[in-house]
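Engineer: after the sequence you'll find the predicted model.
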Amino acid sequence: MITVLTEAIATLSHGNEDYHGKILQTTQTLSQISQLEDIRKIRSSLSVEIGLLKDAVKEQQSKERQQQAKLSESVETLQSKLKTAINRSLRDPLTDLFNREGWDHELTEACRVATVTNKPFTVAMVDVDAFKKINDSGGHQVGDLILKKLASFFKESLRAEDFIGRFGGDEFAFALSSPSLDKAQARLERLCKEISKPTYNCPVNGKEFYLKISISVGLSLYRVGDTPESLIHRADEALYLAKKNGKNRVVTEAELESKSA
């Protein structure tokens, strides 16, 4: 990006130097003409120099238009590259989901909007059950394939207004537009069933690995005054209970509150 901008500035500077040189040469010639005594020579010389000056101005105007077009093109190129760089910095390279930084940014914005609109949403912490066994049996390449398959499945299953990130390792985080725990729980229970039905084929280095997969989910609902940290904390607590109660299930923060009551 620096190279593109530097080249554009150099082109502009070079054009201005040529123009300034021609103007300086004309002023020097005019100075010499002023010392002539023959009026006819003065008129003739002035006519020539005025013509040259007009040509120089027209040429400079044309160059400036071209330079402005090049600069505009350079700015657009820089903006496009910057946008691409920002998007890449917020994406997980394996799954193409938001990475932790991207997820945190989106969740912070979702909390801000919910505070203004007073429209709640739900947060789900999702963990792949027995993922260590998957890595132990097939290696990290098989584990990576499973994560990519799940990420693709999640993206196809969620709504356009939802967003999802890879929170870390084999853990994902969803923000769902569902305005209640019951509706979000029903959606995610269907997702759990769909994921646990098939046997997944993961070919790696000429070997075929056939695996069953399931996920556990913890759910929390936005409340007035919630921060991203408080939402994630309650969802994490619910996820822990889902794991404790046998995995392959969805537990909400409401179940946490009923158990502690």
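Structural biologist: Looks like it came in fine.
Engineer: what about V224, which SS state?
Structural biologist: Following DSSP: H, G, I helix; E, B strand; the rest coil, V224 is assigned to coil.
Engineer: report how many residues lie close to the closest residue to L90 other than its chain neighbours.
Structural biologist: Counting by CB to CB, 6 or more residues apart in numbering, L90 lies nearest to G102, which is 3.3 Å off, once chain neighbours are set aside. Just so you know, the C-beta spots here come from the backbone N, C-alpha and C atoms, and that holds for glycine as well. For G102, the count of nearby residues is 19 (other CB atoms under 10 Å).
Engineer: G102 against G165, yeah?
Structural biologist: Yes - using CB atoms under 8 Å, G102 makes contact with G165 at a distance of 6.0 Å.
Engineer: who's in contact with the residue nearest to L90?
Structural biologist: Residues in contact with G102, defined by CB atoms under 8 Å, 6 or more residues apart in numbering, are L90, R91, G165.
Engineer: domains of this protein?
Structural biologist: Residue ranges for the domains of the chain, per automatic domain parsing: 2-89, 100-260.
Engineer: so of these, which one's packed in deepest?
Structural biologist: Highest mean neighbour count among the domains of the chain (mean count of other CB atoms under 10 Å): domain 100-260, with a mean of 17.
Engineer: what helix or strand is the residue most central in space within the chain on?
Structural biologist: Nearest to the geometric centre of the chain sits N87, at 2.3 Å (CA atoms, centre = their mean). Under DSSP states H and E, the secondary-structure element containing N87 is helix 39-89.
Engineer: which ones are touching F172?
Structural biologist: Applying CB under 8 Å, 6+ apart, the residues contacting F172 are L97, M125, V126, D127, L150, A151, F154, I164, G165, R166.
Engineer: the last one: which element?
Structural biologist: I take that to be R166. With DSSP H and E as the criterion, R166 is inside strand 163-168.
Engineer: thought D226 was touching C111?
Structural biologist: Yes - counting by CB under 8 Å, D226 does reach C111; the two are 6.3 Å apart.
Engineer: now do F154 against E171, distance only.
Structural biologist: From F154 over to E171 the distance is 12 Å, taken as CB to CB, to the nearest Å.
Engineer: before we move on, the earlier item: pick out the shakiest of the domains of the chain, pLDDT-wise.
Structural biologist: Ranked by mean pLDDT, the domains of the chain bottom out at domain 2-89, with a mean of 67.
Engineer: with just CA atoms, put stretch 141-161 into PDB.
Structural biologist: Output of stretch 141-161 as PDB, limited to C-alpha atoms (Å, rounded to 0.1, in the frame of the first residue of the first chain):
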ATOM      1  CA  GLN A 141      -5.800 -33.000  10.200                       C
ATOM      2  CA  VAL A 142      -8.900 -34.900  10.900                       C
ATOM      3  CA  GLY A 143      -9.800 -32.500  13.700                       C
ATOM      4  CA  ASP A 144      -9.400 -29.600  11.300                       C
ATOM      5  CA  LEU A 145     -11.700 -31.200   8.800                       C
ATOM      6  CA  ILE A 146     -14.300 -31.700  11.400                       C
ATOM      7  CA  LEU A 147     -14.100 -28.000  12.400                       C
ATOM      8  CA  LYS A 148     -14.400 -26.900   8.800                       C
ATOM      9  CA  LYS A 149     -17.400 -29.200   8.200                       C
ATOM     10  CA  LEU A 150     -19.100 -27.900  11.400                       C
ATOM     11  CA  ALA A 151     -18.400 -24.300  10.500                       C
ATOM     12  CA  SER A 152     -20.000 -24.800   7.000                       C
ATOM     13  CA  PHE A 153     -23.000 -26.500   8.600                       C
ATOM     14  CA  PHE A 154     -23.400 -23.700  11.200                       C
ATOM     15  CA  LYS A 155     -23.300 -21.000   8.500                       C
ATOM     16  CA  GLU A 156     -26.000 -22.800   6.400                       C
ATOM     17  CA  SER A 157     -28.200 -23.400   9.400                       C
ATOM     18  CA  LEU A 158     -28.200 -19.900  11.000                       C
ATOM     19  CA  ARG A 159     -30.200 -16.900   9.900                       C
ATOM     20  CA  ALA A 160     -28.800 -13.900   8.000                       C
ATOM     21  CA  GLU A 161     -29.100 -11.700  11.100                       C
END
